[in-house]
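Undergrad: Sequence below, structure please.
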Amino acid sequence: MLGRLVRDPEVRYTQSRKGEQMAVAKFTIAVDRRFAKEGETNVDFFICTAFGKLGEFAEKYLKQGTKIVLTGRIQNDNYTNKNGEKVYTTQIMVDEMEFAESKKTEGQPKEQPKQKEDDFIDIPEGIENDLPFRS
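TA: So this is what the prediction gives:
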């Protein structure tokens with residue numbers, strides 16, 4: 001997933017199996033959809049949880065608006081609340097995470113590639129030899 005943090009991470013510490021303190025960071029990222037019909041939402045929001053060193057990384061370096069790329073697994077957490085109602089949640093359990101842009105570019109508008117009238121991006125001349133696929 002590639003997205004921006006919606007707000008600062010919430011970090012708490014819990015005991016690990018070895019009796020040591022372990023960071024647990026929860027945060028939400030906004031991920032742009034590649035394709036969306038006109039008038040529909042173009043962004044999805046995903047709740048993410050990072051444990052241990054990744055939780056500490058989130059606490060120290062991530063803040064609202066930070067663009068990150070992460071890999072993880074989707075996990076369902078289903079439980080019955082105190083009112084006896086079944087609650088279903090889905091979240092991403094983070095396995096890896098890193099910054100998706102340098103500090104210099106954070107908050108600055110990115111220069112968009114020039115597009116032709118047909119909305120396709122111009123491809124630089126001579127790049128065909130560097131492409132991983134060719135016909």
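Undergrad: Please, which helix or strand holds Ile29?
TA: strand 21-32 (DSSP states H and E).
Undergrad: list the helices and strands that strand packs on?
TA: strand 2-5, strand 10-15, strand 43-51, helix 52-61 (3 or more CB pairs under 8 Å, 6 or more residues apart in numbering; DSSP states H and E). The way it works is simple: take the backbone N, C-alpha and C, and place the C-beta from them, glycine included.
Undergrad: neighbouring contacts of the shortest one?
TA: In other words, strand 2-5. Applying CB atoms under 8 Å, 6 or more residues apart in numbering, the contact partners of strand 2-5 are 27-32, 46, 62-69, 100.
Undergrad: Of those, select the buried ones using a ChimeraX command.
TA: Buried subset of the contacts of strand 2-5, written as a ChimeraX selection, criterion 16 or more other CB atoms under 10 Å:
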select :27,28,29,46,62,66,67,68
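Undergrad: Widest-spaced pair of the contacts of strand 2-5?
TA: Asp32 and Lys63 (19.5 Å; CB to CB).
Undergrad: related to what we said a few turns ago, average pLDDT for the strand holding Ile29, rounded please.
TA: Strand 21-32 comes out with an average pLDDT of 95.
Undergrad: Return the list of strands paired to that strand, each annotated with direction.
TA: strand 2-5 (antiparallel), strand 10-15 (antiparallel), strand 43-51 (antiparallel) (DSSP bridges).
Undergrad: will you turn those into a markdown table that also has distance to Tyr79?
TA: Converted to a markdown table, the strands paired with strand 21-32 look like this (distance: least, CB to CB, whole Å):
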| stretch | distance to Tyr79 |
| --- | --- |
| strand 2-5 | 26 |
| strand 10-15 | 18 |
| strand 43-51 | 15 |
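Undergrad: okay, the ones you listed in CSV with mean pLDDT and distance to Gln21 next?
TA: Shown next, in CSV, are those (pLDDT from 0 to 100; distance: least, CB to CB, whole Å):
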stretch, mean pLDDT, distance to Gln21
strand 2-5, 96, 23
strand 10-15, 94, 5
strand 43-51, 95, 12
